[in-house]
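*Asks:* here's a sequence, model it:
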Amino acid sequence: MFSVRVKNVTKHSKDTVTVTFNVSFRSFPGQFVMLNLPGHEEIPLSLSSPDSVTVRAVGETTEALVNIQPGELLGIKGPMGRPFSIPNGTALLIAGGIGIAPLIYLHDYIIGRGGEVKILYGVRTSEELINHRRFENIKISTDNGSAGFHGNVIDLLKVEDRPDRYSRIYCCGPEIMLRKLYDFFKENKLLRKVEFALERYMKCGMGVCGSCALENGLMVCSEGPVFNGVELEW
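*Replies:* Okay, the predicted model is just below:
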């Protein structure tokens with residue numbers, strides 16, 4: 001573990017921020033770090049850029065992170081885990097809620113290498129949107145109809161696009177959303193094109209403790225967090 005200092009905190013809403021560090025990690029989109037805030041539990045967080053994490057307050061540690069101030073110190077292990085693969089053609093990114101975080105990094109990585117990206121981004125209300133105006137090719141869905149398409153991101157996918165035309169599809173968000181996307185892509189025989197970034201409770205981050213094991217025995221921390229659709233058994 002090594003120490004980093006908080007360089008900047010960007011507030012997106014009352015419970016969501018991006019914490020930027022004073023160092024940039026040698027990393028790839030989809031990887032995560034084990035973050036230690038003194039006095040709190042160590043937690044895994046996906047990188048939203050080489051030098052930042054984007055976090056929503058859902059527990060004691062993340063609530064403290066949302067209120068952290070520039071200049072404070074954090075402990076970091078990583079980056080860890082298997083990243084997203086990089087597409088040869090146009091990519092489709094499907095995000096739900098805070099699942100946009102690792103896809104921000106992936107979007108910027110692909111665009112920076114001359115690739116083409118489209119984003120489908122679903123949230124419950126418009127107040128939960130994170131940095132959506134920075135993307136040129138994006139469609140938004142909200143459960144309550146307060147912005148964009150009225151419905152969830154899977155409904156948006158069905159009416160907005162033909163997923164078979166993309167060389168690669170990337171998904172990150174709540175597991176209930178990912179499982180429904182899995183069913184959709186399996187039914188349409190597209191699972192091999194799709195990569196899912198999963199979240200699990202982790203203690204070690206190195207595949208030792210087994211706390212993040214999937215139903216098929218794969219470890220999210222060491223063999224993921226990114227999995228091709230054919231590797232999952234949902």
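
*Asks:* show the subsequent helix or strand relative to the lowest-mean-pLDDT helix or strand in the chain.
*Replies:* Every helix and strand of the chain was ranked by mean pLDDT, DSSP states H and E. The lowest is helix 220-223, at a mean of 84. Under the assignment DSSP states H and E, the closest C-terminal helix or strand after helix 220-223 is strand 226-228.

*Asks:* quick one, strands of this protein?
*Replies:* Here the chain has its strands, by DSSP state E, at 2-13, 16-21, 32-36, 43-49, 52-56, 73-80, 91-96, 117-123, 138-142, 149-150, 168-172, 194-197, 226-228.

*Asks:* tell me the buried residues in stretch 6-20?
*Replies:* Val6, Val9, His12, Asp15, Thr16, Val17, Thr18, Val19, Thr20 (16 or more other Cβ atoms under 10 Å). (Glycine included, C-beta is placed from N, CA and C.)

*Asks:* wait, Phe196 touches Gly229, no?
*Replies:* Yes. Between Phe196 and Gly229 there is a contact under Cβ atoms under 8 Å: 6.5 Å.

*Asks:* any idea how many residues pack against Asp143?
*Replies:* 14 (other Cβ atoms under 10 Å).

*Asks:* thinking again about what came up before, which of the buried residues of stretch 6-20 lies closest to Tyr105?
*Replies:* The nearest member of the buried residues of stretch 6-20 to Tyr105, counting by Cβ to Cβ, is Thr18 at 11.2 Å.

*Asks:* how deep is the spatially closest residue to Tyr109 that is not a sequence neighbour tucked in, by neighbour count?
*Replies:* Closest residue to Tyr109 apart from its sequence neighbours, by Cβ to Cβ, 6 or more residues apart in numbering: Pro29 at 4.9 Å. Neighbours of Pro29 under the rule other Cβ under 10 Å: 25.

*Asks:* pLDDT score assigned to Pro29?
*Replies:* Looking at Pro29, its pLDDT is 97.

*Asks:* turn the buried residues of stretch 6-20 into TSV, columns for distance to Ser146.
*Replies:* Putting these into TSV (distance: Cβ to Cβ, whole Å) gives the following:
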residue	distance to Ser146
Val6	32
Val9	26
His12	16
Asp15	17
Thr16	16
Val17	21
Thr18	22
Val19	27
Thr20	28
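
*Asks:* name the residues contacting each of Phe196 and Gly229.
*Replies:* By the contact definition Cβ atoms under 8 Å, 6 or more residues apart in numbering, Phe196 and Gly229 are jointly contacted by Tyr182.
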